[in-house]
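**Q** When you get a sec, could you give me coordinates for this:
(2 chains)
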2 protein chains.
Amino acid sequence: MITPSLIKELKALLGNDNVMDSEVDRVSYSYDSAVLESVVPELVVRPVNSETLGKVVSLCNENRIPMTVRGSGTNLSGGTIPSSTHGMVVLTNGLNKILEINEDDLYAVVQPGVVTATFAAAVAAKGLFYPPDPGSMAVSTLGGNVAENAGGLRGLKYGVTKDYVMGVDFWDVNGNLIKSGSRTVKCVTGYNLGGLMVASEGTLGVFDQIILKLVPPPAASRAMLAVFDNMAKASETVSAIIAEKIVPCTLEFLDNFTIRTVEDYSRAGLPTDAEALLLIEVDGHPAQVEEEAQKIMSLCTRLGASSVTAAQNAQEKATIWQARRDALPALARLKPTTVLEDATVPRSQIPAMIAAIQSIGKKYDLTIGIFGHAGDGNLHPTILCDKRDKKEFGKVEQAVDEIFEHALALKGTLSGEHGIGIAKSKFMEHEVSRATLGFCRHLKTSLDPHGILNPGKIIGG
Amino acid sequence: MITPSLIKELKALLGNDNVMDSEVDRVSYSYDSAVLESVVPELVVRPVNSETLGKVVSLCNENRIPMTVRGSGTNLSGGTIPSSTHGMVVLTNGLNKILEINEDDLYAVVQPGVVTATFAAAVAAKGLFYPPDPGSMAVSTLGGNVAENAGGLRGLKYGVTKDYVMGVDFWDVNGNLIKSGSRTVKCVTGYNLGGLMVASEGTLGVFDQIILKLVPPPAASRAMLAVFDNMAKASETVSAIIAEKIVPCTLEFLDNFTIRTVEDYSRAGLPTDAEALLLIEVDGHPAQVEEEAQKIMSLCTRLGASSVTAAQNAQEKATIWQARRDALPALARLKPTTVLEDATVPRSQIPAMIAAIQSIGKKYDLTIGIFGHAGDGNLHPTILCDKRDKKEFGKVEQAVDEIFEHALALKGTLSGEHGIGIAKSKFMEHEVSRATLGFCRHLKTSLDPHGILNPGKIIGG
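**A** Next comes the predicted model:
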């Protein structure tokens, strides 16, 4: 319980300004980016160094106070919605130092509250490259990225956040600092606890610092836009590019509804009668880029694209990617509520998955825009609705259930990059089996016996 | 306890031939590739399908029988030495099916007993590439590779086994099949249990099947050999190559002692007066390979290589790599005992680490050959000795302790790719802290309360 004496202790520890209990502060941190009910926490605290962060964890454990660690609250599955009205939100924005960028050994050490884009820019300024680029990177934090195993547009070629985590130091529930991984390319010393922390959504430990892998940047890149009057042709083209042994850094898709909506929004000159657009970028050595771009353009033409163009300069490239970046904001302004899903299938199952989503949209008479990462099978069906319309929202929930069913039947997964949080925890058992869910719950209870670390997320309960 | 009735039950389950209790069978599986005392198990069993594997695990748990899962026993840290003379060795060589190689979606599904080289060849036959190449890959199994997070020569550019594990299904100690990961490029559904299983050395679960990521193979490659009359120049060259934003697929190093020993062994024409050799390979698009090879050769010359040559054909390339492959067998024949270490440091600390190893060799009057993966800081100091000479072996143990001390002081790690097993478990606390070791022991006890899964490995006890 959060008692006056605990608040006093926290104020002494963190400073008065970093312990917030006004209604405006508490309401500010009661929700995240998921379409879910908000939960107003009892207290919001903001540690500004490692030691006080650890102390906050042990105080929460001793006092049995549920705590939800929050970076920028861009979570799309409710992972940063407070677990309880009697709980605490712990902000990481006071722990925002880039501690080291090592150019010789190609790694960086960061605190969890560093903003992804700030970090990527600092790395770029040293002539290096941090590839993970979740859609929210302008505001999301690296701690949140690791906790969610954030993906992004470059997943196909460069992998996701997990592929860049070399080590995580974290506070366990007792306030002990646990170390894992190292600054070396290879490390097999002890359990891969950093691997366990990735995607654990704040339920197993509280990140103190993270070691991230860096790579040299590609020397060149080329963006292309291919227009299709037929969905099947676009899907076949995605498979044909991979079959050609080309791995684009980005291979994105917009359906007709999304194309029209983006064009209404931005007037960028998109072909509104196209059934599908593929937005493709290859990067690497200039000769490789040139050759792959030529091959891709030939493939697109051969497989029935009505047009395919390559960006000739930075501005044309920016125009292509702006269309993709506009997809979500353009769709979101159509209706009060935007339900953004990320059920994911093996790449070759994209045509089947798109057909299923379209048929579900018709069945429930819902407006669903589809766009996303075609190259890695991570589609974002986006259902536009009004949550206040109970009848309609009931249909939305049924449609989402069916989308999950289809993804699993196609050997896919509930979530490619948005996490389970509270939005999808009820579907977990269906994908992973009852035994697996039981194993996960046992693991959680073992590492957090009083259930204070972001309880209720991922595994329910 | 292994009772006659349990043996009878196992024979009914697995078939008489797959339950072995003769002395010759038991002695055959009493050791692995580490220089450690053998432990003769009471029984050796060989399940040939998934269900009976799970049943063996639950029988061991019910009867409190320590079990050590064994692939090919190439482990270098004692991870596959039986935990107890009252325990069971579980062979995986009956679970050796490649269940699927999916060319459209770039993954494969395998049973744990598939031999690494067999798998790599099957993947290559489909025009794809599985990069991890541990030194023992001709005989090692994929289950063992995942359990140890095996590295290899291509770690610098392509990463290690962990970077290719998309999912692991494993039997928990109660004989429940636990699922993790998926066939999709992106998956954040539930805890990253596959990540936890990587490098867990058979102590947390028993692998049933593994989903592995595949990539397109590089179109071209070029191998080079650079000769240095000075160790510092060779080390500077390694750093200079990385600073040039070139990431070779392989960047290996041999010291003078190793060069002379290999030349004695193979008469390949190596320069026996050289202080160091760098063996370098770049791969990728032909134009990139050409350009990077030219840059590397210029760098080598500029930084003081006495000669640098590029392989002009497959045979010359094979000659270069044979020299590297001969390093360990050539060294090993000099003395009865070969202690192969793999303390690892950040790449930029290689000169300091080599100097420390040489000085330790002098201090204890020991013969130490040094070779290894210079590009990722993963050196293999190899101490040649005779274990039966107690006095000398005492010095070897002190030297190994000091090598670890230096690696940690240089922000390195105890093991880059050979694992902790029983060989290094006593050093764990020094690297990871007492709290971390406590956390790991608690995790182990939670998931294996009766301590039957390869007990004593990694965390001691």
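
**Q** ranges for the helices of the stretch 201-350 of chain A?
**A** A:231-243, A:256-266, A:286-302, A:314-332, A:350-363 (DSSP state H, counting those that start in this stretch).

**Q** Now tabulate these in JSON lines and tack on mean pLDDT, distance to B:E9 and mean neighbour count.
**A** Where C-beta positions appear, they are placed from N, C-alpha and C, glycine not excepted. Formatted as JSON lines, those follow (pLDDT from 0 to 100; distance: least, Cβ to Cβ, whole Å; neighbours: other Cβ atoms under 10 Å in any protein chain shown):
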{"stretch": "helix A:231-243", "mean pLDDT": "92", "distance to B:E9": "48", "mean neighbour count": "20"}
{"stretch": "helix A:256-266", "mean pLDDT": "95", "distance to B:E9": "60", "mean neighbour count": "20"}
{"stretch": "helix A:286-302", "mean pLDDT": "97", "distance to B:E9": "58", "mean neighbour count": "18"}
{"stretch": "helix A:314-332", "mean pLDDT": "92", "distance to B:E9": "58", "mean neighbour count": "17"}
{"stretch": "helix A:350-363", "mean pLDDT": "95", "distance to B:E9": "45", "mean neighbour count": "18"}
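
**Q** could I get those as CSV with distance to A:V35?
**A** What follows is the helices of the stretch 201-350 of chain A, written out as CSV (distance: least, Cβ to Cβ, whole Å):
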stretch, distance to A:V35
helix A:231-243, 27
helix A:256-266, 18
helix A:286-302, 36
helix A:314-332, 11
helix A:350-363, 17
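
**Q** what's the closest of these to chain B?
**A** Chain B sits nearest to helix A:286-302 of all the helices of the stretch 201-350 of chain A, at 3.3 Å, using Cβ to the nearest Cβ.

**Q** what does that closest one rub up against?
**A** Helix A:286-302 is contacted from outside by A:218-222, A:224, A:226, A:237, A:240-241, A:244, A:246, A:248, A:278, A:280, A:282-284, A:308, A:310, B:284-288, using Cβ atoms under 8 Å, 6 or more residues apart in numbering or on different chains.

**Q** Quantify the burial of the residue of chain A found nearest chain B by counting its neighbouring residues.
**A** Going by Cβ to the nearest Cβ, chain B is nearest to A:G195 of chain A, at 2.7 Å. A:G195: 27 surrounding residues under other Cβ atoms under 10 Å in any protein chain shown.

**Q** Once you drop chain neighbours, what's closest to it?
**A** Excluding its sequence neighbours, the residue lying closest to A:G195 (Cβ to Cβ, 6 or more residues apart in numbering or on different chains) is B:G195, at 2.7 Å.

**Q** which residues does that neighbour contact?
**A** Shown in contact with B:G195 (Cβ under 8 Å, 6+ apart): A:K162, A:N192, A:G195, A:L196, A:V198, B:K162, B:V165.

**Q** Any idea what A:A310 is bridged to?
**A** A:M224 (DSSP bridges).

**Q** how about the closest residue in space to A:M353 that isn't next to it in sequence, phi and psi?
**A** Distances taken as Cβ to Cβ, 6+ apart place A:V345 nearest to A:M353, at 4.8 Å, with adjacent residues excluded. A:V345 adopts backbone torsions of phi -130, psi 160, taken as degrees, to the nearest 10.

**Q** Let me know the distance separating A:V345 from A:S5.
**A** Using Cβ to Cβ, to the nearest Å, one obtains 53 Å as the distance from A:V345 to A:S5.

**Q** got the domain boundaries for chain A?
**A** Chain A breaks down into these structural domains: A:4-91, A:98-213, A:220-410 (assignment by the TED database).

**Q** Tell me which of those is the most buried.
**A** domain A:98-213 (a mean of 23; mean count of other Cβ atoms under 10 Å in any protein chain shown).

**Q** What mean pLDDT does that domain get?
**A** The pLDDT scores in domain A:98-213 average 97.

**Q** returning to what we had before: can you tell me which of the helices of the stretch 201-350 of chain A is nearest to B:G113?
**A** Proximity to B:G113 (Cβ to Cβ) singles out helix A:231-243 among the helices of the stretch 201-350 of chain A, at 29.6 Å.

**Q** Next, the angle helix A:256-266 makes with the closest one.
**A** Relative orientation of helix A:231-243 versus helix A:256-266 (axes from the mean of the first three to the mean of the last three Cα atoms, to 10 degrees): 90 degrees.

**Q** Please export the alpha-carbon coordinates of helix A:231-243; PDB is fine.
**A** Output of helix A:231-243 as PDB, limited to C-alpha atoms (Å, rounded to 0.1, in the frame of the first residue of the first chain):
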ATOM      1  CA  MET A 231      -3.500  -8.000 -55.000                       C
ATOM      2  CA  ALA A 232      -2.300 -11.500 -56.000                       C
ATOM      3  CA  LYS A 233       0.200 -10.100 -58.400                       C
ATOM      4  CA  ALA A 234       1.700  -7.900 -55.700                       C
ATOM      5  CA  SER A 235       1.900 -10.800 -53.300                       C
ATOM      6  CA  GLU A 236       3.600 -13.000 -55.900                       C
ATOM      7  CA  THR A 237       6.100 -10.300 -56.500                       C
ATOM      8  CA  VAL A 238       7.100 -10.200 -52.800                       C
ATOM      9  CA  SER A 239       7.800 -14.000 -53.000                       C
ATOM     10  CA  ALA A 240       9.600 -13.700 -56.300                       C
ATOM     11  CA  ILE A 241      12.000 -11.000 -54.900                       C
ATOM     12  CA  ILE A 242      12.900 -13.300 -52.000                       C
ATOM     13  CA  ALA A 243      13.200 -16.300 -54.400                       C
END
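
**Q** which other residues reach that helix?
**A** Helix A:231-243 is touched from outside by A:226, A:228, A:248, A:251, A:253, A:255, A:275-278, A:280, A:296, A:299-300, A:303-305, A:347-348, A:350-351, A:354-355, A:374-375, B:103-104, B:106, with contacts defined as Cβ under 8 Å, 6+ apart.

**Q** what do you get if the cut-off is 6 Å, keeping everything else the same?
**A** With contact meaning Cβ atoms under 6 Å, 6 or more residues apart in numbering or on different chains, helix A:231-243 is reached by A:228, A:275-276, A:278, A:296, A:299-300, A:303-304, A:348, A:350-351, A:374, B:104.

**Q** Out of the residues you listed, the closest to A:D401 would be?
**A** In terms of Cβ to Cβ, no member of the contacts of helix A:231-243 lies closer to A:D401 than A:I350, at 20.5 Å.

**Q** Am I right that A:F371 falls within a helix?
**A** No: with DSSP: H, G, I helix; E, B strand; the rest coil as the criterion, A:F371 is strand rather than part of a helix.

**Q** show me what contacts it?
**A** Here A:F371 is in contact with A:L254, A:T258, A:A327, A:H380 (Cβ under 6 Å, 6+ apart).
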